[in-house]
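# Predicted model and sequence follow; I will ask about them next.
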Amino acid sequence: MKAILSIVLAVAATAVLSPCTAFTIHSRTTIRTDVSRHMKQQHDSHDNDYAHHHHHHQQLSRRSAISILAIPPITSILASSSIPLPAMAEDKGKIVVLGGAGWVGAHVSNLLTQQGYKVLSISRSSSERQIERTKSILGTTIPSVEYVSLDAGTATMEELGSVMKDATCVISCVGIAPGGPNVKDGNGLVNSRIANAAKSVGVGKIVYVGVASSLANGPAKFLLGDYFKGKDTAEKSITKEFGIENSLIIKPSIVAGGTPGEIRPPGPPGVKAVDVDALAKVVVAGALSQGPGGLNGSIDGNDAIAAASL
């Protein structure tokens, strides 16, 4: 019992202090996230939430297996299996990344531009703040990325749709970490709105970074229930709008690293984190491979993500 309690407390501590929370920022001049439009939220310095919570084991189980319709080799989807990739001059189309200046989002944006895609990064943060965060994460800026300040929780559906128009894919790396205000709607309703807006303007595919089932169904659910309910709502909305064949839900638990200068407590002993480059590679592969033969469905758990990235 003591062991289970210690794991739950470790998960909660990591979640509350997680360095990758979406739509929470430093800037005083940008729009605040308030999905209900009535709740005042406190700002912090984060742009994306990739479920930095920890589970009590790292064994590859049925819940952490790859569950997809077809898996073309990622090396055949990407120009190279290494990161960074050589920059390509050809403009292959537009991809929208919500949370594109966060820890995982910045790596995703960088990889997409190296593949020759036009990237639109959307965040509550100002364009200037997004550029600063990207540089702190990657050590350099990405001049070809267009940064847009827009709150996906309070923007009109027309505003959301307008920035997604003509995109071949929308990638959502957003949510609110456990302990934040309005955590259920901040993860569920916000991503439901993103999926609905993307579908309304004819986007062909959506990729969402959620949370591992091993966490959602483990002891942490008793302490972080609303957080997991929000994530579940997001996944169901995405599948409803796009179906399994036109969506990819990637479900990590611990993601290695974090934005420089942000505090991240250690995870439980023996739990191996997924490499951020591996996660970004799978996200991008999912965005670039569309249709029944693409990388679709779900990839659940860090072992499955690492295997899919090879």
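Thanks, I have it. Numbers count the residues shown, from 1 in each chain.
# all contacts plus neighbour counts: C-alpha atoms, from now on.
Will do.
# any weak-confidence spans in the stretch 201-310 of the chain?
Residues of the stretch 201-310 of the chain meeting the criterion pLDDT under 70: 263-271.
# All the strands of it, in order from the start?
Secondary structure of the stretch 201-310 of the chain (DSSP state E, counting those that start in this stretch): strands at 205-209, 247-251, 297-300.
# mind listing what's buried in the shortest one?
For strand 297-300, a neighbour-count test (16 or more other Cα atoms under 10 Å) marks 297-300 as buried.
# Ok, which of the strands of the stretch 201-310 of the chain comes nearest residue 120?
Ranking the strands of the stretch 201-310 of the chain by proximity to residue 120 (Cα to Cα) places strand 205-209 first, at 14.3 Å.
# Who does that closest one pair with, and is each partner parallel or antiparallel?
Strand pairing for strand 205-209, determined by DSSP bridges: strand 167-172 (parallel), strand 247-251 (parallel).
# Tell me which of these is the most buried.
Mean neighbours per residue, mean count of other Cα atoms under 10 Å, is largest over those for strand 247-251, with a mean of 29.
# for residue 195, helix, strand, or coil?
The local conformation at residue 195, judged by DSSP: H, G, I helix; E, B strand; the rest coil, is helix.
# roughly how far apart are it and residue 237?
Between residue 195 and residue 237 the distance is 7 Å, computed by Cα to Cα, to the nearest Å.
# Likewise for residue 181?
Applying Cα to Cα, the value for residue 181 to residue 237 is 21 Å.
# who's more crowded, these two?
Between residue 181 and residue 237, counted using other Cα atoms under 10 Å, the more crowded position is residue 237 (20 against 16).
# Poorly predicted segments of the stretch 1-150 of the chain, please.
For the stretch 1-150 of the chain, the stretches with pLDDT under 70 are 1-90.
# just to revisit the earlier point, for residue 188, find the nearest of the strands paired with strand 205-209.
Among the strands paired with strand 205-209, strand 167-172 sits nearest to residue 188 (Cα to Cα), with 11.9 Å.
# Identify all contacting residues around the closest one.
With contact meaning Cα atoms under 8 Å, 6 or more residues apart in numbering, strand 167-172 is reached by 93-99, 164, 191, 194, 198, 203-209, 283, 287-288.
# contacting residues around residue 108?
Residues in contact with residue 108 (Cα under 8 Å, 6+ apart) are 100, 280-281, 283-284.
# picking up where we left off before, can you redo the strands of the stretch 201-310 of the chain as CSV with distance to residue 136?
Putting these into CSV (distance: least, Cα to Cα, whole Å) gives the following:
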stretch, distance to residue 136
strand 205-209, 22
strand 247-251, 25
strand 297-300, 29
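# Among the ones you listed, which comes closest to residue 146?
Evaluated with Cα to Cα, those place strand 205-209 nearest to residue 146, the distance being 19.2 Å.
# so residue 157 touches residue 195, yeah?
No - if you go by Cα atoms under 8 Å, residue 157 and residue 195 don't touch, sitting 10.5 Å apart.
# ok, those two, which is more surrounded?
residue 195 (29 against 16).
# Quick check: the gap between the more buried one and residue 246.
Using Cα to Cα, residue 195 is found at 12 Å from residue 246.
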